[in-house]
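**Student:** give me a 3D structure for the following:
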Amino acid sequence: MIKSELVQRISLQNPHLYQRDVENIINAILGEIIAAMARGDRVELRGFGAFSVKNRPAAAAASASAPA
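**Tutor:** Purely as a prediction, here's the structure:
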């Protein structure tokens with residue numbers, strides 16, 4: 001599901017809300033999640049999942065043209 005589909009589905013389930021208001025609400029929620037993860041915070045959505053950023057060292061790339 002993409003964001004526009006989510007907006008449409010929530011709008012259909014809540015006809016008392018304008019679609020642009022639903023979109024603003026979803027953008028605000030996703031913006032907060034993005035900001036929290038950018039700060040390195042853990043994000044937990046009960047009943048859905050937990051997300052955190054893990055830093056891993058870069059992998060050494062192998063060149064297909066270089067002999068092994």
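
**Student:** longest helix in this structure, by residue count?
**Tutor:** helix 19-38 (DSSP state H).

**Student:** run through who's touching the helix or strand just after that helix.
**Tutor:** Next helix or strand after helix 19-38 toward the C-terminus (DSSP states H and E): strand 43-45. Here strand 43-45 makes contact (Cβ atoms under 8 Å, 6 or more residues apart in numbering) with 33, 36, 37, 50, 51, 52. Just so you know, the C-beta spots here come from the backbone N, C-alpha and C atoms, and that holds for glycine as well.

**Student:** show me what contacts the first one?
**Tutor:** Pointing back at residue 33 there. 43, 51.

**Student:** how much space between it and residue 63?
**Tutor:** 38 Å (Cβ to Cβ, to the nearest Å).

**Student:** show me where this structure dips below the pLDDT cut-off.
**Tutor:** 66-68 (pLDDT under 70).

**Student:** if I look at residue 5, how far off is residue 26?
**Tutor:** 11 Å.

**Student:** how about residue 20?
**Tutor:** 11 Å.

**Student:** compare neighbour counts for these two and give me the winner.
**Tutor:** residue 26 (15 against 10; other Cβ atoms under 10 Å).
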